[in-house]
Every structure is written in structure tokens, then in C-alpha cells.
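Chemist: got a sequence here, can you model it:
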Amino acid sequence: MDKTAIKKSNVSQGVRKIIVESDYSGQRLDNYLQRELKGVPKSRIYRIIRKGEVRINGKRVQASTRLAAGDKLRLPPVRKSIKSPARQIKLNLEKTIIYENNIIIVINKPPGIAVHGGSGISMGVIETLRANYPTKYSLELVHRLDRDTSGCLMIAKNRRYLKALQVALRSTSVINKHYRAIVHGNWPHRLGSIEAPIAKNVLSSGERISRVSESGKVAKTEFNVLARGAGLTLLAVKAITGRTHQIRVHCTYAKHPIVGDTKYGDSDEDKRLAQTLGFGRLLLHAERLEVPAIEDFPGFCVTAPQGETFSRILEDMSADNTKL
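Modeler: Okay, here's the model as predicted:
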């Protein structure tokens, strides 16, 4: 047999017509297409939308268009990326899975890996998982973690469960997210919580940041001192609300920035510590998730082991033997 006869083409065959199922009602078109057109670069997906090659019920649409059950979707033939998506980022996500069933995946996200592509990042966690999981699963990020934060990250396999989890996350008392953070200085025991509104800002350089501002949205974080040593404090942290960079901003607001925070931290202190303790990451870890039963979906609790760098810094703190 001619081997070329069985080689898969990297161009999809002909125009495709899809009826949108109820599970995808309310989802953005661009997010739906990233799942449906596996291996197709995001830039190509946005291009065919802009050019009007993607139609819903015969009409031109935008990337932000929300789908409705029963919509008739027309997709043109598209060329897939020749490169394997899994090779574009050298990351074996299979080894990071700490909990999985037929509706949810929880990974222990390594630091330095973005949860999704964009802003010069071609592949993130969600794109890599979508490229490697069976098409029967509609993988979607339930929430986000900063690129430099490690720990528990939820990815839903079921669209209905995704919606239920996101509704629960908007409440301040349903899903509990627990973190560990190592901060500069001696965090005072009396500072058990910070409730300070946070607003998003864009600097003149174009960089997006968050900061405490009276015009911001309500933000509350709870803190508990676990250990001190080497001029640092280990904190147990619970984010009551979920504002962008909330924990990092509140720690800096308290004048105890998180070690290794290149956006909100103390760069001079970080450089000094890096020479003595040898670290190269943000010392913020999403340690535990507590998710109750929601609707007819079961609950679960999962803990993500902290990485080698985090553990080594804690050993150095312990060796300093500072009393609480």
C-alpha cells in the first residue's frame, strides 16, 4: 500500500454545517470554535470569522457572538497546524492531573505556564488539553490562575457542570479556594483579613495591573500566619472574592509583598533573596479546593502538593527557627 494514501490531510474536507446543542447555549463563538477546530491556529479562527466565512443562521457574526441552542453554524474548510500542539509547549500535563472523573479535571499547574494562549503565548494549559483529549469532551477553564501561580486549576468536561461551577464561584461561600504564600517581613497576627476594593488599571506602557482603589470592586482576603523565618512569613490565604491578582495586590497593600512577585513586589529584596535562597518564581500556591455537591453533581476536595522550590524555601525558613 502507498504510505501517502493513508497520510492524513491537514485541511478539513469541505464546508461543515453544525446544529448547536443546548449544552453550548451562551458560549462565545470563538471559544466554541477552538474546541471544534482542533489543531487550527487561533489566528486562523479569528481570521475566518472576520472574513465572514463563519456564519450563524446564514448571517455574518463576530468572535464574541453568543451561541443559542439550535443555531445553524457554517464552517469553511480550514488548514490545521502541521506542528503538534502538544510539542509547542514542552509540558506533560498528564503528570500534573491530581483529580479526574467524567465531568472534571483538576491539575497541579506548574508555575510559569499560562492557563490559555494569547498575548504572544501560542499554547496554554487549555489548548494543550483540548488537543489531547477525545472530542466528546468539551473542555473549558472553570477559573483562572496567574501564569506564575502554581496549584489547583479546574477544567470542566461537561458544559452544564461548567455553568454550575461558575455560578457557585460568583458566591463568596460555596467553593473554598485555599492558598499558601510566602511574603516579605513579619506579617502581624492581628492582620487576619483585608477588605479593600480593587480596580483594574492600564499604565501608559499598556501594561494591565490591579490596585486598591475606592472606585474598585469589593475584595476580601483572609490570612493566617503559619510560620516565620529568614525575614519571611508563610501564610495560609483564603480568597473570599475573586478579583484579578487579588492576593498579590492585598499583600502589597499590607506592605508585605509576595516573594518573587515581579509585578507588585519588592524587586530589590527579591534580588537579594534570590542570591541567598535561590528561587526563580512567585511563591504563591493554590493548595486546596473544596467543592460541595452542586445540583446533581458530586462534591470533591483536592490538595495540590507544593513544588520543590516552595518546599526548599520553607526548609530555610524552618532552619532560621524564628518563633511565632
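Chemist: Glu214 and Asn102: what is the separation?
Modeler: Distance of Glu214 to Asn102, given as C-beta to C-beta, to the nearest Å: 46 Å. Backbone N, C-alpha and C define where each C-beta goes, glycine included.
Chemist: do the same with Leu141
Modeler: 18 Å.
Chemist: those two: which has the busier surroundings?
Modeler: Higher neighbour count among Leu141 and Asn102: Leu141, with 19 against 8, using other C-beta atoms under 10 Å.
Chemist: apart from its chain neighbours, what residue comes closest to that one?
Modeler: Nearest residue to Leu141, sequence neighbours excluded (C-beta to C-beta, 6 or more residues apart in numbering): Ile126, at 5.3 Å.
Chemist: in the chain, where is pLDDT below threshold?
Modeler: Low-confidence segments of the chain (pLDDT under 70): 1-13, 80-91, 118-122, 134-136, 321-324.
Chemist: can you tell me the centre-most residue of it?
Modeler: In the chain, the centroid-proximal residue (C-alpha atoms, centre = their mean) is Arg144; its distance is 2.8 Å.
Chemist: the residue nearest to that residue when sequence neighbours are not counted: neighbour count?
Modeler: Using C-beta to C-beta, 6+ apart and skipping the chain neighbours, the partner closest in space to Arg144 is Val115 (5.3 Å). The burial count assigned to Val115 is 21, neighbours taken as other C-beta under 10 Å.
Chemist: gap between Val115 and Leu93?
Modeler: Distance, Val115 to Leu93, by C-beta to C-beta: 11 Å.
Chemist: which residues do the two both contact?
Modeler: The contact sets of Val115 and Leu93 overlap at Val125 (C-beta atoms under 8 Å, 6 or more residues apart in numbering).
Chemist: the strands in the stretch 201-324 of the chain, which residues?
Modeler: Along the stretch 201-324 of the chain, the stretches classed as strands by DSSP state E, counting those that start in this stretch are 208-212, 220-229, 232-239, 284-291, 300-303.
Chemist: what about the closest residue in space to Glu127 that isn't next to it in sequence, how many residues nearby?
Modeler: What sits nearest to Glu127 in space, not counting adjacent residues and going by C-beta to C-beta, 6+ apart, is Gly117, at 5.3 Å. The number of residues packed near Gly117 is 20, by other C-beta under 10 Å.
Chemist: give me every residue that touches Gly117.
Modeler: Lys42, Met123, Gly124, Glu127.
Chemist: ok, now Arg16?
Modeler: Contacts for Arg16 (C-beta under 8 Å, 6+ apart) come out as Arg74, Leu75.
Chemist: specify the beta-bridge partners of it.
Modeler: Counting by DSSP bridges, Arg16 forms beta bridges with Leu75.
Chemist: same question for Ala286.
Modeler: With DSSP bridges as the rule, Ala286 is bridged to Gly151, Tyr179.
Chemist: run a quick neighbour tally on it.
Modeler: 23.
Chemist: distance check, it against Gly124.
Modeler: 16 Å.
Chemist: what count of nearby residues applies to Tyr179?
Modeler: By other C-beta under 10 Å, neighbour count at Tyr179 equals 22.
Chemist: that's all I had, so thanks and see you.
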